[in-house]
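Trainee: Below are the sequence and a predicted model; questions follow.
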Amino acid sequence: MLLAEQALNGLQYGMMLFLMAAGLTLVFGVMGLINLAHGSLYMTGAFACAAVAAVTGSFWLGLAASLVAAAAAGALVEIAVIRRLYARDHLDQVLATFALILVFSEGTRWLFGSFPLYLKLPGSLSGAVVLPGGLHYPLFRLVIIGFGAAVALGLWWLITRTRLGIRIRAGEADREMIGALGVDIARLYTIVFALGAALAGLAGALVGTIQSVQVGMGEPVLILAFVVVVIGGIGSIKGAFVGALLVGMTDTLGKALLPDLFGQVLDASSADTVGASLASVLIYVLMAVVLILRPQGLFGARG
């Protein structure tokens, strides 16, 4: 029963990471941009959801606000800052987007203060459901899993079945050629960046209901999102999905099972410390193994 519950927790964590990594891999793959400020857009979505939900009393309006606010912030950042970085090297991109982290963090602290905010779930999403086998599991965590699966299907349809998706894939393959064919590259890049920002904002809003909403909440998740992108392959939505599930399961099951394993030879306190530390390391071991076997990632295009 415990293993099943932790497996569901790992699935929920993986879906949250997918929402972050999907936008990141789109921006990285299509635009060739290293965007360290992606976690700040995650934070923007969380704060927008908390603020609107507090004013209106509606979590659903807050969730919609997270998408709109993150997408708008992403579009503004792309137009004002990011589009000046496409021709620059990756070091300039890293420095500029790191500066954006500081701007977003201090701006958010000025608007909302330094104290964390808390999101209250509506009654329809509260409580637990009984799953087969008698397992009681929080309903909202199942909703996050469903959200992640729906977004994955929606992105697959967008990328493979729509005109915009064709342009996105073409832009990833040869941006000069599609520009010569009359596609507005600047507009396409703004749309891609805003889409990635909206996904990050949605992830922030959903996670903000489980944890607290606070300044700097996006940076720890950003590191794991980059790991997911590397494992799955740059520019691959399928890779981001599989990579996120692998990372989510590895982290969650490792933290749940390794302390018990080390408890056979160590005292309880030491076993918990060593087990949790090793579980965090396992994510990077997984990334290293994937890179050794497939340097381009699981579903990345060969160079």
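Mentor: Alright, I've got the coordinates.
Trainee: all helices of the stretch 201-303 of the chain, in order?
Mentor: Taking DSSP state H, counting those that start in this stretch as the test, the helices found in the stretch 201-303 of the chain are 218-232, 237-262, 268-293.
Trainee: let me fix that: the stretch 51-200 of the chain
Mentor: Counting by DSSP H, counting those that start in this stretch, the helices of the stretch 51-200 of the chain are 59-80, 90-112, 139-161, 163-173, 175-180, 185-208.
Trainee: doesn't Thr108 make contact with Val215?
Mentor: Yes - at 5.3 Å, Val215 and Thr108 qualify as touching, with contact defined as CB atoms under 8 Å. (Each C-beta comes from the backbone N, C-alpha and C, glycine too.)
Trainee: Now list whatever residues contact both of those two.
Mentor: Common contact partners of Val215 and Thr108 (CB atoms under 8 Å, 6 or more residues apart in numbering): Met43.
Trainee: re earlier: reformat the helices of the stretch 201-303 of the chain as a markdown table; add mean pLDDT and distance to Asp174.
Mentor: Shown next, in a markdown table, are these (pLDDT from 0 to 100; distance: least, CB to CB, whole Å):
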| stretch | mean pLDDT | distance to Asp174 |
| --- | --- | --- |
| helix 218-232 | 91 | 21 |
| helix 237-262 | 88 | 19 |
| helix 268-293 | 86 | 26 |
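Trainee: Let's have those helices in JSON lines, adding mean neighbour count and distance to His136.
Mentor: Converted to JSON lines, the helices of the stretch 201-303 of the chain look like this (neighbours: other CB atoms under 10 Å; distance: least, CB to CB, whole Å):
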{"stretch": "helix 218-232", "mean neighbour count": "22", "distance to His136": "27"}
{"stretch": "helix 237-262", "mean neighbour count": "22", "distance to His136": "17"}
{"stretch": "helix 268-293", "mean neighbour count": "15", "distance to His136": "24"}
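Trainee: Output those as a markdown table; include the columns distance to Ser66.
Mentor: Below are the helices of the stretch 201-303 of the chain laid out as a markdown table (distance: least, CB to CB, whole Å):
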| stretch | distance to Ser66 |
| --- | --- |
| helix 218-232 | 13 |
| helix 237-262 | 19 |
| helix 268-293 | 27 |
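Trainee: Among these, which comes closest to Gly208?
Mentor: helix 218-232 (10.9 Å; CB to CB).
Trainee: Tell me the helices and strands packed up against that closest one.
Mentor: Using 3 or more CB pairs under 8 Å, 6 or more residues apart in numbering; DSSP states H and E as the contact test, the elements touching helix 218-232 are helix 2-31, helix 38-56, helix 185-208, helix 237-262, helix 268-293.
Trainee: what do you get if the cut-off is 6 Å, keeping everything else the same?
Mentor: helix 2-31, helix 38-56, helix 237-262, helix 268-293 (3 or more CB pairs under 6 Å, 6 or more residues apart in numbering; DSSP states H and E).
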